[in-house]
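1. sequence plus the predicted model coming up.
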Amino acid sequence: MASKERLQQTAETDAVEISDATLAALELFRLRQKDDLQRDVRGLIDEFTASLSTTLSLSTGLDIFCHGANRLFAADRTSVWVHDRRARSLVLRASSDSEHLAHGVRVHASDPLATAAVAMRAHARGNSRVARRRADVQP
């Protein structure tokens, strides 16, 4: 009877050690991924900065940034919106989708259907977890 209890305790101890080792490995993996992402983001920002230094063109730099962000985050489209505070609107300045950019899109900052406006207001409120939804923005 005592040996059966000892075997059960040993099995429980082994299970705890295995679960601890698994959790430690998962945490290490997460930290390595975070480091890799930060390195890649720094590289993207360096590429953007270098393009600004070379071309002195904000449009070219933002275009490079959008396409680099697409690669880095496996996105379908990346856009850069600039907040025009006087006009209380957001202006699309760059996009990896040239068709989207060609229309010169401008949306009011309080537009409840414009994804960029919703995200800006959520960020201003300190809410980093904005509900992701698709909204078509018309010029």
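-> Happy to help now that I have it. Residues are numbered from 1 along each chain as shown.

2. domain map for the chain?
-> 1-56, 79-139 (automatic domain parsing).

3. and of those domains, who's closest to residue 67?
-> Residue 67 lies closest to domain 79-139 among the domains of the chain, at 5.1 Å (C-beta to C-beta). (Each C-beta comes from the backbone N, C-alpha and C, glycine too.)

4. roughly how far out does the closest one sit from the chain middle?
-> Chain-centre distance of domain 79-139: 16 Å, with C-alpha atoms, centre = their mean, to the nearest Å.

5. and the domains of the chain as CSV, adding mean neighbour count?
-> As requested, the domains of the chain are arranged in CSV below (neighbours: other C-beta atoms under 10 Å):
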stretch, mean neighbour count
domain 1-56, 11
domain 79-139, 14
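
6. to residue 73, which of the ones you listed lies closest?
-> Closest of those to residue 73 is domain 1-56, at 9.2 Å (criterion: C-beta to C-beta).

7. need the helices for the chain, in chain order.
-> Taking DSSP state H, the helices of the chain run over residues 2-55, 58-73, 98-102, 115-124.

8. so which elements touch the last one?
-> When you say that, I think you mean helix 115-124. Under the contact criterion of 3 or more C-beta pairs under 8 Å, 6 or more residues apart in numbering; DSSP states H and E, helix 115-124 touches strand 79-84, strand 89-95, strand 106-108.

9. that concludes my questions; thank you for your assistance.
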